[in-house]
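1. How does the following fold in three dimensions:
(chains A and B)
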Amino acid sequence: MTRLVTRRTVLVGAGAAAVGLIGIDALRGRLPEHMLSASQSLTTHTQRILLRRRPLVREFSPADISAMFPTNGTTQPIGDIYPRLAAGGFRDWALRIDGLVGTPLSLSLPQLQALDARTQITMHNCDEGWNAIAQWKGVPLGHLLRLAAPTRRAQYVVFHCMDKREDGQHYYESIDLFDAFHPQTILAYEMNGQPLAVAYGAPLRLRVETQIGYKNAKYIGRIELVDRLDQFGKGRGGWWEDSDNAVWYAGQ
Amino acid sequence: MSAVAERPAVTLRERVYRHPLSVRLWHWVTAGAVVGLVFTGFNILNIHPRLYWGEVGNAHTTPIIALESTEPGGPRPATHPAPTALRLGSHRWNVTGHVGILQDAGEDGLYFMIVSTPDSWHFGGMRAWHFVFAWILFLAWACYCIYLLLGGRLKRTLLPSARQVTVRAVVQDLWDHLRLRAARGEAARQYNLLQKLSYLIVIFALVPLMVLTGLTMSNSVTARFPELYTLFGGRQSARTIHALCAVALCLFALVHIAQLFVAGFVNEVRSMITGYFDIQREPGK
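-> Here you go, the predicted structure:
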């Protein structure tokens, strides 16, 4: 007697169902979007498994520091506010931390510099393919977040930057709390032993070493804790994500 | 009765089932992924078409292979149109208009891009799609490897048989390839020696090398496995190997497609779609 349910019919049936679902998705024009989000999700989950014990990225010795470190993105913010702050040596600047936090903070540069700092010599990897090594000194973001006490709803850390891009929007970036509490995620105010220069993001920039170039926001003015990212820009979580379809989780 | 009449009647053609469904599915999924990877990959390379050796490489360091402006200190070709030179070590050739797709940039004249896409196809999006195709290639490859190893197909179809590795057979195989002579009769029932070797190299060397060098460019993966940097001699070396492997994969694909015409285009393509392959009987047998 021939069996109605053979391995072959199961396989062919499953295949036909998959092709059917993909076909319906394609007809509705949602397939590209779903493929991108599935790939993103796979990457994020795989890398989160790899990073669950929070390994550190490689750190280098002072001899490895690149003599010349290319600049990218904004190198000289324009407008009314930033040039004035820079001319005053950022004495009138303060970092605000607010949003879904128990204790909103406002910290001046000297106040930030008085906190326990971390110094690390790491490799900056641009998504364009080039890289360079520099020494960064700054406050671990996790330390500041503990001071601000994120509420239970808080999931993401949004960095609002002071530089305006060519579309008139301010640069912004976001990471989730997992990367925010990585020991090497710092808010740097010093590069290679010098105060952070304007081209590299003065007075304060993010170093999120588990992710690549564009996530490392420069010219930070405000940090906001939120539970969702769709309230900013086009809702993709960052200026490059909005304007260039860049991936939000950039551990790769 | 004559000897000929005593033989059983044979048709000159025999149709055999050559490629099971799983192999055919894997082949086309992989082919699509490779097209997507090569296209997005060259677009990613285009924005910084400089390859380095070692750990660090940027606009201030010396590349080993690069496309650059023919004017000293000139802008990058991808973002600012300029006459383009190809650099290999210390040699430079002007390749403006000789390779790739020409972009007409008005006053700046014609310039070179490896693969040119409309401005609305964002660079960031190219990377996002590169990872989509990379996942498809990797997952299909992993399934195929399990199937090859567990199903016994590796030994049956891809490892050279004892008869294929005798000196005489090797010389014959090389000679047949040089004359562009396709196998007939019994020999056509299995892949020939060079075919098997090229498939083995692609499946067990090129694809793993592509995946591993790709992962070496990931901050998170290398945080967990810093050994990858040691393995490839640095992050930029890994990127360079990744690009060279892409070129090797393209060359394989070109030869793979060219061989279809040698071996019989319709027969070969049909066998990868329906699974059935016609074997030509050798005359007189």
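2. where's the residue sitting nearest the centre point of chain A relative to chain B, distance?
-> Centroid-nearest residue in chain A, with Cα atoms, centre = their mean: A:K215, separated by 3.5 Å. A:K215 is 9 Å from chain B, where distance means Cβ to the nearest Cβ, to the nearest Å. From N, CA and C alone the C-beta is placed, and that goes for glycine too.
3. in which helix or strand would I find A:N72?
-> Of the helices and strands defined by DSSP states H and E, none includes A:N72.
4. Do I have it right that it meets A:G213?
-> Yes. Counting by Cβ atoms under 8 Å, A:N72 touches A:G213, with 6.9 Å between them.
5. in the stretch 151-252 of chain A, which spans are helices?
-> Using DSSP state H, counting those that start in this stretch, the helices found in the stretch 151-252 of chain A span residues A:177-180, A:239-244.
6. hang on, I meant chain B
-> B:3-6, B:21-47, B:123-150, B:153, B:167-178, B:193-201, B:207-216, B:219-224, B:227-232, B:235-263, B:265-273 (DSSP state H).
7. which intervals of the chain have sub-threshold pLDDT?
-> Just so you know, I chose chain A. Residues of chain A that meet the criterion pLDDT under 70 lie in A:1-4.
8. Wait, chain B was what I had in mind.
-> In chain B, residues with pLDDT under 70: B:1-11, B:69-83, B:96-120, B:282-285.
9. Next to chain A, which bits of it? Give me the list.
-> By Cβ under 8 Å from any Cβ of the partner chain, the residues of chain B that approach chain A are B:21, B:25, B:44-45, B:47-48, B:50, B:55-60, B:122-125, B:127-129, B:131-132, B:135, B:217-226, B:229, B:235-236, B:239.
10. one more time with 6 Å, if that's ok
-> B:47-48, B:56-60, B:122-125, B:128, B:131-132, B:135, B:218-220, B:223-224, B:226 (Cβ under 6 Å from any Cβ of the partner chain).
11. How far does stretch A:180-194 stretch from one end to the other?
-> For stretch A:180-194, the first-to-last residue distance is 24 Å (Cα to Cα, to the nearest Å).
12. now for chain B, which residue lies nearest the mean position of the chain?
-> Closest residue to the average C-alpha location of chain B: B:L249 at 2.0 Å, with Cα atoms, centre = their mean.
13. and it, how far is that from chain A?
-> Look at B:L249 and chain A: by Cβ to the nearest Cβ, they are 19 Å apart.
14. Please parse chain B into its domains.
-> B:3-47+B:121-280, B:61-113 (automatic domain parsing).
15. from the residues of chain B next to chain A, which would you call buried?
-> Neighbour counting by 16 or more other Cβ atoms under 10 Å in any protein chain shown classes B:47-48, B:56-58, B:122-125, B:128, B:131-132, B:135, B:218-220, B:223-224 among the residues of chain B next to chain A as buried.
16. Looking at the stretch 151-285 of chain B, which residue is nearest chain A?
-> B:S220 (3.3 Å; Cβ to the nearest Cβ).
17. State the number of residues packed around B:L209.
-> Look at B:L209: counted by other Cβ atoms under 10 Å in any protein chain shown, it has 18 neighbours.
18. In stretch A:225-245, which residues are buried?
-> By neighbour count on 16+ other Cβ under 10 Å, the buried set for stretch A:225-245 is A:225-226, A:229, A:232-233, A:236-245.
19. what distance separates the start and the end of that stretch?
-> Length of stretch A:225-245, first residue to last, Cα to Cα: 23 Å.
20. Distance from the chain centre to it, please.
-> The chain centroid and the centroid of stretch A:225-245 are separated by 11 Å under Cα atoms, centre = their mean, to the nearest Å.
21. got it, and stretch B:236-250?
-> Distance of stretch B:236-250 from its chain centroid, counting by Cα atoms, centre = their mean, is 11 Å.
22. can you tell me which residues contact the closest residue to chain A within the stretch 1-150 of chain B?
-> Per Cβ to the nearest Cβ, B:G124 is where the stretch 1-150 of chain B lies closest to chain A, at 2.9 Å. Counting by Cβ atoms under 6 Å, 6 or more residues apart in numbering or on different chains, B:G124 touches A:240, A:244-246.
23. Grab the nearest non-local neighbour of it.
-> Spatial nearest neighbour of B:G124, excluding adjacent residues (Cβ to Cβ, 6 or more residues apart in numbering or on different chains): A:A246 at 2.9 Å.
24. any idea how far B:Y229 is from that neighbour?
-> 24 Å (Cβ to Cβ, to the nearest Å).
25. who's more crowded, these two?
-> Neighbour tally, A:A246 and B:Y229, criterion other Cβ under 10 Å: the higher count belongs to A:A246, 25 against 17.
26. ok, back up a step: please produce a markdown table containing the domains of chain B, extended by distance to A:Q47.
-> A markdown table is the format used below for the domains of chain B (distance: least, Cβ to Cβ, whole Å):
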| stretch | distance to A:Q47 |
| --- | --- |
| domain B:3-47+B:121-280 | 4 |
| domain B:61-113 | 28 |
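27. Let me see the contact set for B:N58.
-> Contact partners of B:N58, counting by Cβ under 6 Å, 6+ apart, are A:70, A:130, A:132.
28. before we move on, what about A:K215?
-> For A:K215, the contact set (Cβ under 6 Å, 6+ apart) comprises A:173, A:208, A:250.
29. Repeat the analysis, applying 8 Å as the threshold.
-> Counting by Cβ atoms under 8 Å, 6 or more residues apart in numbering or on different chains, A:K215 touches A:173, A:175, A:206, A:208, A:238, A:250.
30. For stretch A:152-161, which residues meet the burial criterion?
-> For stretch A:152-161, a neighbour-count test (16+ other Cβ under 10 Å) marks A:154-161 as buried.
31. typed the wrong thing, it's stretch A:49-66
-> A:50-51, A:55, A:57-58, A:60, A:64-66.
32. Leaving out sequence neighbours, find the closest residue to residue 252.
-> I'll assume chain A. B:S218 (4.3 Å).
33. Wait, chain B was what I had in mind.
-> Among residues not flanking B:F252 along the chain, B:V202 sits closest, at 5.7 Å (Cβ to Cβ, 6+ apart).
34. Now the residue of the stretch 101-250 of chain A found nearest chain B. Its backbone dihedrals?
-> With Cβ to the nearest Cβ, the shortest gap between the stretch 101-250 of chain A and chain B falls at A:A246, namely 2.9 Å. Here is the backbone geometry of A:A246 (degrees, to the nearest 10): phi -70, psi 150.
35. Test my guess that it contacts B:A128.
-> Yes. Between A:A246 and B:A128 there is a contact at 7.1 Å, judged by Cβ under 8 Å.
36. about what we covered before: residues shared between the contacts of A:N72 and A:G213?
-> A:126, A:128.
37. need the strands for the stretch 151-252 of chain A, in chain order.
-> For the stretch 151-252 of chain A, the strands defined by DSSP state E, counting those that start in this stretch cover A:156-164, A:170-176, A:186-191, A:194-195, A:205-207, A:220-226.
38. will you turn the ones you listed into JSON lines that also has distance to A:Y82?
-> Formatted as JSON lines, those follow (distance: least, Cβ to Cβ, whole Å):
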{"stretch": "strand A:156-164", "distance to A:Y82": "5"}
{"stretch": "strand A:170-176", "distance to A:Y82": "11"}
{"stretch": "strand A:186-191", "distance to A:Y82": "16"}
{"stretch": "strand A:194-195", "distance to A:Y82": "16"}
{"stretch": "strand A:205-207", "distance to A:Y82": "14"}
{"stretch": "strand A:220-226", "distance to A:Y82": "9"}
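39. Next, give me the two most distant ones among the contacts of B:G124.
-> For the contacts of B:G124, the farthest-apart pair by Cβ to Cβ is A:W240 and A:N245; their separation is 8.6 Å.
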